[in-house]
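> Predicted structure and sequence below. I'll ask about it afterward.
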Amino acid sequence: MPKIRVLVVDDHAIVRDGICALLNLTGDIEVVGEATNGTEALKRVPELNPDVVIMDISMPIMGGLEATRRIHRELPNTRILVLTQHDDKEYVFPVIEAGASGLISKAAASSELVSGIRAVHRGDSYLSPSVAKLLVENFQHTAGERAVLDPYGQLTERERDVLKLLAEGYSTQEIAAMLVITPKTVEGHKTNLMAKLGIHNRIDLVKYALRRGIISI
């Protein structure tokens with residue numbers, strides 16, 4: 001079985017030497033070249049045709065972010081695994097947007113690097129646990145913001161039922177019978193949902209339901 005061909009890009013010789021020594025201990029990974037900055041990497045990738053590029057972020061002349069972006073654009077079949085000492089969103093999200101297939105913290109265990117290389121070579125993505133945790137936290141935060149911005153997300157399930165039926169033209173008595181609740185309870189749900197949505201009359205409620213796709217004409 002052919003070995004996974006790897007290009008190591010880092011401006012520190014001691015880091016490159018350590019990575020090469022580690023990968024040489026595996027039976028399925030071969031280091032085919034090294035580069036000390038992004039500019040060198042752009043020249044060496046077409047020459048060496050590596051399967052995976054291990055890319056540092058902070059380098060002189062051309063950093064890893066720009067090099068990742070250009071390699072991904074020009075040679076999209078080349079997988080890029082970024083090694084960085086930064087695991088905050090200021091660095092993580094731009095790297096992913098640039099086209100990296102994986103991102104590993106330099107503080108991670110050596111075994112993670114090998115696992116990451118094998119994963120991105122298979123076509124999967126790979127993130128260090130600290131990076132994955134950051135992504136989850138960011139998703140939860142933005143999801144919470146979206147819920148705040150969209151008042152529909154603040155409605156209870158029963159309030160959504162009442163909203164839909166009101167928008168469809170049913171009376172309070174009819175809704176009470178359909179949902180097996182009292183008319184007083186329906187009115188309570190109606191008051192609450194209209195307050196949450198900032199709606200003050202039934203016409204605006206119908207317009208809102210149409211805009212949001214809750215009902216259709």
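Yes, it's here. Residues are numbered from 1 along each chain as shown.
> Okay, buried residues for the one helix or strand residue 114 maps to please.
Taking DSSP states H and E as the criterion, residue 114 maps to helix 110-122. Neighbour-count burial for helix 110-122 flags 112-114, 116-121 (criterion: 16 or more other CB atoms under 10 Å). In this view, the C-beta of every residue, glycine as well, is placed from N, C-alpha and C.
> How about stretch 5-17?
Neighbour counts over stretch 5-17 (16+ other CB under 10 Å) mark 5-11, 16 as buried.
> Out of the residues you listed, which sit inside helices?
Using DSSP state H, residue 16 are the members of the buried residues of stretch 5-17 that sit in helices.
> Turn the buried residues of stretch 5-17 into a markdown table, including distance to residue 76 and pLDDT.
Output for the buried residues of stretch 5-17, formatted as a markdown table (distance: CB to CB, whole Å; pLDDT from 0 to 100):
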| residue | distance to residue 76 | pLDDT |
| --- | --- | --- |
| 5 | 17 | 97 |
| 6 | 18 | 98 |
| 7 | 16 | 98 |
| 8 | 20 | 98 |
| 9 | 18 | 97 |
| 10 | 23 | 96 |
| 11 | 25 | 95 |
| 16 | 25 | 95 |
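> which one of the buried residues of stretch 5-17 sits closest to residue 46?
residue 7 (10.9 Å; CB to CB).
> Surely that closest one and residue 47 touch.
No - using CB atoms under 8 Å as the test, residue 7 is too far from residue 47 to be in contact (9.6 Å).
> any shared contact partners between the two?
Contact criterion CB atoms under 8 Å, 6 or more residues apart in numbering; residues shared by residue 7 and residue 47: residue 33.
> Domains of the protein: list them as residue ranges, please.
Under the assignment automatic domain parsing, the domains of the chain span 4-140, 151-212.
> looking at the ones you listed, which is buried most?
Comparing the domains of the chain by mean neighbour count (mean count of other CB atoms under 10 Å), domain 4-140 ranks first with a mean of 18.
> Identify the farthest-apart pair in the buried residues of helix 110-122.
Across the buried residues of helix 110-122, the longest distance by CB to CB is 14.7 Å; it joins 112 and 121.
> show me what contacts the residue lying farthest from the centre of the chain?
Ranked by distance from the centre of the chain (CA atoms, centre = their mean), the top residue is residue 173, with 46.7 Å. Counting by CB under 8 Å, 6+ apart, residue 173 makes contact with residue 183.
> going on from the helix or strand bottoming out on mean pLDDT in the chain, what's the next piece of helix or strand?
In the chain, no helix or strand scores lower on mean pLDDT, DSSP states H and E than helix 129-149, which sits at a mean of 58. Once the chain leaves helix 129-149, the next helix or strand it forms, by DSSP H and E, is helix 157-167.
> Does that next one pack against any helices or strands, and if so which?
Counting contacts by 3 or more CB pairs under 8 Å, 6 or more residues apart in numbering; DSSP states H and E, helix 157-167 packs against helix 172-179, helix 183-197, helix 202-212.
> contacting residues around the longest one?
Going back to what we said before, that points to helix 183-197. With CB under 8 Å, 6+ apart as the test, helix 183-197 has contacts from 151-152, 154-156, 158-160, 162-163, 166, 172-173, 175-176, 179, 200, 205, 208.
> before we move on, back to that, what is the rounded mean pLDDT of the helix holding residue 114?
The average pLDDT within helix 110-122 is 91.
> And it, what does it pack against?
strand 4-9, helix 13-24, strand 29-35, strand 52-56, strand 79-84, strand 102-105, strand 126-127.
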